[in-house]
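[1] here are the coordinates; sequence isn't available:
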């Protein structure tokens, strides 16, 4: 116990760590009955543990100090009932205020979805892009951001407490600071910052973080990965507005990409997700007969609006499940103009699934449909799946819900759809 490990970047030491064996109260590098005795004596105030001894004895690392919970943990370790989970204790922590840009934070942050480091800032465009990071800190934590185009939202989750996730509204063409935590007591905290608003409405940058303490190790990835391709349904367009009439509203303030069938399904199976969807876009043609508004045009882009030519490195993210939810906008054009033709749609569907298969040889590919009605191309989707001869491609009909703004699904509708999709995904992955 007490050994130090340093992490360097280009020969410069960026962090130092002290090795402490939790449960080892006398710092001899072992957990045995002597440690149990010392912890008991400390609790009874017979003998006082100091410095690294206290850190080793405080097995659960809470702010209550060494107590009976820690004593019980050591007992269970010695009786081989439950092994103590070993985490490192950060060496001397400097709680001075620091401001760190995203380029310098790269070793410590985990990016969510497709993002791009541009200079010292991290660019976010697709729905639910963001970052995860951990801090050993106290006091306040502040995010400095940039935001272009229309109004929208970030959400912040602390210590994986999804029920307490907090949304922050941001406004068109702004930049500034968001205080995302206040009055924290000294400790280790995990943060998730997610852009709720889709690329069509707004692009964001995370410039820097300001905190009192230091960055902790990068959070680990989840065991599974999902990827979604879709339109306004997958973006969560107007899912927060429980009425059809959208007059006088700005959809970025009523769009919650973190509470869609896609994000809920990913949470249900403890998966990371990448959402690549744009409102009004289709498989072949976009809403209002817009031939350039098709998802296959940007399906491999990192930043679909500001830098479409910046291509995503698929080696960074190996999806276990890919969900396609496209045809609603194609169907709306077909109903009035009979385009795209049904053979054209079927060929495009097959080509798109084959392109996805080329990137993810082992993924399950699921084509979802029905949340705003089945549309005009159900038979063509199924024919394309059949023509692929691919046993890992399938079709699913999700429940209809068009009670939200502009006849889109409500959050409750997304939850219902997620239940159906989750059941299929669990079946395919053997998670039942």
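    Everything's here; your move. Every value quoted in this text rests on a predicted model; they were computed, and no experiment measured them. Residues are numbered from 1 along each chain as shown.
[2] how about the residue nearest in space to the middle of the chain: what's its closest non-neighbour residue?
    Of all residues in the chain, the one closest to the mean position by C-alpha atoms, centre = their mean is residue 112, 4.8 Å from it. Leaving aside its sequence neighbours, residue 112 sits nearest to residue 130 (C-beta to C-beta, 6 or more residues apart in numbering; 4.4 Å). Every C-beta, even on glycine, is put in place using the N, C-alpha and C of the backbone.
[3] follow-up on the earlier one: quick one: the residue nearest to the centre of the chain from residue 154, how far?
    12 Å (C-beta to C-beta, to the nearest Å).
[4] cool, residue 426 as well?
    The value you get for residue 426 to residue 154, if C-beta to C-beta is used, is 30 Å.
[5] neighbour-wise, which of the two wins?
    Per other C-beta atoms under 10 Å, whichever of residue 426 and residue 154 has more neighbours is residue 154, with 24 against 14.
[6] which residues are in contact with that one?
    130, 143, 145, 167, 168, 170, 178, 193, 194, 195, 196, 204 (C-beta atoms under 8 Å, 6 or more residues apart in numbering).
[7] now with 6 Å?
    Residues in contact with residue 154 (C-beta atoms under 6 Å, 6 or more residues apart in numbering) are 168, 193, 195.
[8] so what's it bridging to?
    When bridges are called by DSSP bridges, residue 154 pairs up with residue 168, residue 195.
[9] and the residue nearest to residue 112, how many residues sit next to it?
    Neighbours around residue 130, by other C-beta under 10 Å: 25.
[10] what of residue 47?
    11.
[11] swap in the one 10 residues further on?
    Using other C-beta under 10 Å, residue 57 has 27 other residues around it.
[12] then the one 10 residues further on?
    The number of residues packed around residue 67, counting by other C-beta under 10 Å, is 16.
[13] check the gap between it and residue 74 for me.
    From residue 67 to residue 74 the distance is 12 Å (C-beta to C-beta).
[14] and if you look at residue 118?
    Counting by C-beta to C-beta, the gap from residue 118 to residue 74 is 49 Å.
[15] the two: which is more packed in?
    When neighbours are counted by other C-beta under 10 Å, residue 118 and residue 74 differ, and residue 74 comes out ahead with 26 against 15.
[16] that one and residue 38 touch, don't they?
    No. Counting by C-beta atoms under 6 Å, residue 38 is not a contact partner of residue 74; they are 9.7 Å apart.
[17] give the contact list for residue 371.
    Contacts of residue 371 (C-beta under 6 Å, 6+ apart): 233, 398, 409, 417.
[18] strands of the stretch 101-250 of the chain, start to end?
    110-112, 115-118, 121-124, 130-149, 152-158, 166-170, 174-195, 202-215, 224-230 (DSSP state E, counting those that start in this stretch).
[19] let's have the ones you listed in CSV, adding mean pLDDT.
    Formatted as CSV, those follow (pLDDT from 0 to 100):
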stretch, mean pLDDT
strand 110-112, 98
strand 115-118, 95
strand 121-124, 97
strand 130-149, 95
strand 152-158, 96
strand 166-170, 94
strand 174-195, 92
strand 202-215, 96
strand 224-230, 98
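[20] mind listing the helices for the stretch 201-350 of the chain?
    232-235, 261-268, 328-337, 342-359 (DSSP state H, counting those that start in this stretch).
[21] among the ones you listed, which is nearest residue 316?
    helix 342-359 (11.2 Å; C-beta to C-beta).
[22] residues near residue 162, how many?
    10.
[23] give me the pLDDT for residue 61.
    Listed pLDDT for residue 61 reads 72.
[24] ignore what I typed, I meant residue 246.
    Listed pLDDT for residue 246 reads 96.
[25] likewise residue 200?
    88.
[26] these two touch, right, it and residue 281?
    No. In this structure residue 200 lies outside contact range of residue 281 using C-beta under 6 Å: 8.1 Å.
[27] ok, those two, which is more surrounded?
    Set residue 200 next to residue 281 and count neighbours by other C-beta under 10 Å: residue 281 wins out with 28 against 25.
[28] my guess is that one meets residue 298, correct?
    No. Judged on C-beta under 6 Å, residue 281 makes no contact with residue 298 at a distance of 8.4 Å.
[29] so where's this structure shaky on pLDDT?
    Along the chain, segments meeting pLDDT under 70 span 1-18, 62-63, 87-91.
[30] follow-up on the earlier one: for the residue nearest to the centre of the chain, give its distance to residue 380.
    33 Å.
[31] find the nearest non-adjacent residue to residue 192, please.
    Nearest to residue 192 is residue 157, by C-beta to C-beta, 6+ apart, at 4.1 Å.
[32] give me the neighbour count for that neighbour.
    The number of residues packed near residue 157 is 20, by other C-beta under 10 Å.
[33] any idea how far residue 150 is from it?
    24 Å.
[34] so residue 350 makes contact with residue 384?
    Yes. If you go by C-beta under 6 Å, residue 350 and residue 384 touch, sitting 4.1 Å apart.
[35] so those two - more neighbours on which side?
    Applying other C-beta under 10 Å to residue 350 and residue 384 shows that residue 384 carries more neighbours, namely 23 against 20.
[36] quick one: the more buried one is in a helix?
    Yes. The assignment for residue 384 is a helix, going by DSSP: H, G, I helix; E, B strand; the rest coil.
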